[in-house]
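Mind looking at a prediction? Sequence and model below.
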Amino acid sequence: MYTGQELKAVRTETLGMTQEEMARELGVSRPTLSSWENAGEEYVGRMVYLSVQALLRLPDTRSWGQDGLQTFRSLA
């Protein structure tokens, strides 16, 4: 499990994402992600932990166009 501080470190240091980018990937709002990170030493929920683990393991195949639509590139 992650504390709020650990979640922020994973986002910034490991994934190099902004709050907006990570929130979009997790399917939550930026204020929700911010509240998780501001939990400090408290642990965030198990589903948050599992979702972040999935982000760490999956190759980045998505990109966002200027129109805000998501596109995918092939892994092949």
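Arrived safely.

what helices or strands is the longest helix anywhere in the chain leaning on?
Longest helix of the chain, by residue count under DSSP state H: helix 46-57. With contacts defined as 3 or more CB pairs under 8 Å, 6 or more residues apart in numbering; DSSP states H and E, helix 46-57 has these neighbours: helix 19-26. No exception for glycine: its C-beta is placed from N, CA and C like everyone else's.

The helix it packs on: how far from the chain's middle?
Centroid separation for helix 19-26 versus its chain: 5 Å, with CA atoms, centre = their mean, to the nearest Å.

How about stretch 39-46?
Stretch 39-46 has its C-alpha centroid displaced from the chain centroid by 15 Å (CA atoms, centre = their mean).

Contacts for that stretch next, please.
By CB atoms under 8 Å, 6 or more residues apart in numbering, the residues outside stretch 39-46 that reach it are Met1, Tyr2, Thr3, Gly4, Gln5, Leu7, Trp36.

At the geometric centre of this structure, which residue sits there?
Met22 (3.1 Å; CA atoms, centre = their mean).

Who are the contact partners of that one?
Arg11, Leu15, Leu33, Leu55.

Same question for Trp36.
Applying CB under 8 Å, 6+ apart, the residues near Trp36 are Gly4, Leu7, Val44, Val48.
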